[in-house]
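[1] Turn this into a structure:
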Amino acid sequence: LEQRVWHSGGTEGFTAAIHLLPQRGVALLLLVNSFQAPHRALVDRALAVLRWSGGLPLRTLPVTSALAQAMARVAQLYTSYSDKDYTELFSQSLRAAVPSAQVVELTRRLTRLHGACKDPVPLEVLGASSARFKLPCARGYLEYDITVDAAARLLAASVQSRELPPSVPVARAAARIASLIQTWDEPTYAALLLPTFPRAAMQSLFRTLAQQHGSCVVGKPVDGDGESRASLALTCERGGNLLLDLTLDDTLTRARAMTLEPLSRSPVSGPCAER
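    The predicted structure is shown next:
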């Protein structure tokens, strides 16, 4: 969402206005010897010239030393946990919210899913104390959002698994679901989906998908937990590709949740309402 912060005023036949574009590091000041000056229109014309000339690139904020130091210590904690590193890295408030036992459990689970990971790579710097990092791993990658204090201690942190390859049961189930798009098969449907899925509605859905997309095959993973859930791209012969979001039951044999939808939608564009 593009921000524009502005204010204007006039007195004794003069008009002044300031328009700030924080994400681009640009400020426009307008001084006009007319009380009725159309300051918004004048600024918009100036911005159009700047945009045409390439003068409005988005700002690229640097990774501060505090952010870099904290993220390196997060990666080290993932590789080799110790209570000492946890205490030194987590602020007192974060330790109260996320005890060490929870960090140990999470680290073990992520290591089991992703394997060894490499050095962190910045994805987006949100400010001097907040950024998003990527930790490339043997299987997929980890995405960290961190906020730090001046001493490079974590004030807030979250982690998400990305692009994990699906487990063997999920991959097998996804392939069978893709086959139902091409050819409806009653035994496959009965063995694959729990009875909570209405048969008539499912059969109608797969017939419609077959008409629109033809045959589809399982493509690359989009998201998932590497165990019972995955979001997978389905590459189809026509009508665009599909996104399959699939969750298996506790036995990892049948689907307890499933959605099929277009992989991508046209982005909404245009100006936002002024506020």
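
[2] hang on, isn't Leu135 packed against Lys118?
    Yes: assessed by Cβ atoms under 8 Å, Leu135 is found in contact with Lys118 at 7.2 Å. (C-beta placed from N, C-alpha, C; glycine too.)

[3] Neighbour count: those two, which is higher?
    Neighbour totals were compared for Leu135 and Lys118, and Leu135 leads with 22 against 12 (other Cβ atoms under 10 Å).

[4] Which strand or helix spans the more buried one?
    Here Leu135, judged by DSSP states H and E, is contained in strand 130-136.

[5] Could you tell me how many residues sit around Asp249?
    12.

[6] ok, now how distant is it from Arg24?
    Distance, Asp249 to Arg24, by Cβ to Cβ, to the nearest Å: 50 Å.

[7] Kindly report the same for Ala174.
    43 Å.

[8] I'd guessed Ala37 sits against Gly13; true?
    No: taking contact to mean Cβ under 8 Å, the distance of 10.2 Å between Ala37 and Gly13 leaves them out of contact.

[9] Give me the nearest residue to Val217, chain neighbours excluded.
    In this structure, Val217 finds its nearest non-sequential neighbour in Thr235, 5.4 Å apart by Cβ to Cβ, 6 or more residues apart in numbering.

[10] Any chance you could list what contacts stretch 167-175?
    For stretch 167-175, the external contacting residues (Cβ atoms under 8 Å, 6 or more residues apart in numbering) are 165-166, 192, 217-218, 224, 226-230, 232, 244, 246, 248, 252-255.

[11] Can you tell me which of the residues you listed end up in strands?
    Taking DSSP state E as the definition of strands, the contacts of stretch 167-175 contribute Val217, Val218, Gly224, Arg229, Ala230, Leu232, Leu244, Leu246, Leu248, Ala255.

[12] how about the fourth one, what does it touch?
    Contact analysis of Arg229 by Cβ under 8 Å, 6+ apart lists Val170, Asp245, Leu246, Thr247, Leu248.

[13] could you redo the last one with a cut-off of 7 Å?
    By Cβ atoms under 7 Å, 6 or more residues apart in numbering, the contact list for Arg229 reads Leu246, Thr247.

[14] if I look at it, how far off is Asp149?
    Plainly put, Arg229 is 35 Å away from Asp149 if you go by Cβ to Cβ.

[15] For the stretch 51-200 of the chain, give me the ranges with low pLDDT.
    Across the stretch 51-200 of the chain, nothing is flagged by pLDDT under 70.

[16] That one: strands as residue ranges?
    121-127, 130-136, 141-148, 154-162 (DSSP state E, counting those that start in this stretch).

[17] I'd like the ones you listed as CSV, with distance to Ala178 appended.
    Below are the strands of the stretch 51-200 of the chain laid out as CSV (distance: least, Cβ to Cβ, whole Å):
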stretch, distance to Ala178
strand 121-127, 31
strand 130-136, 29
strand 141-148, 25
strand 154-162, 22
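
[18] and stretch 223-233, what's its mean pLDDT?
    For stretch 223-233, the mean per-residue pLDDT is 89.

[19] go on, stretch 240-252?
    pLDDT averaged over stretch 240-252 gives 94.

[20] and it, how far from the chain's centre?
    19 Å (Cα atoms, centre = their mean, to the nearest Å).

[21] What lies in contact with it?
    Contact with stretch 240-252 is made by 169-170, 173-174, 177, 194, 213, 216, 222, 228-236, 254-263, as judged by Cβ under 7 Å, 6+ apart.

[22] From Pro62, how far off is Ser158?
    For Ser158, the distance to Pro62 - Cβ to Cβ - is 22 Å.
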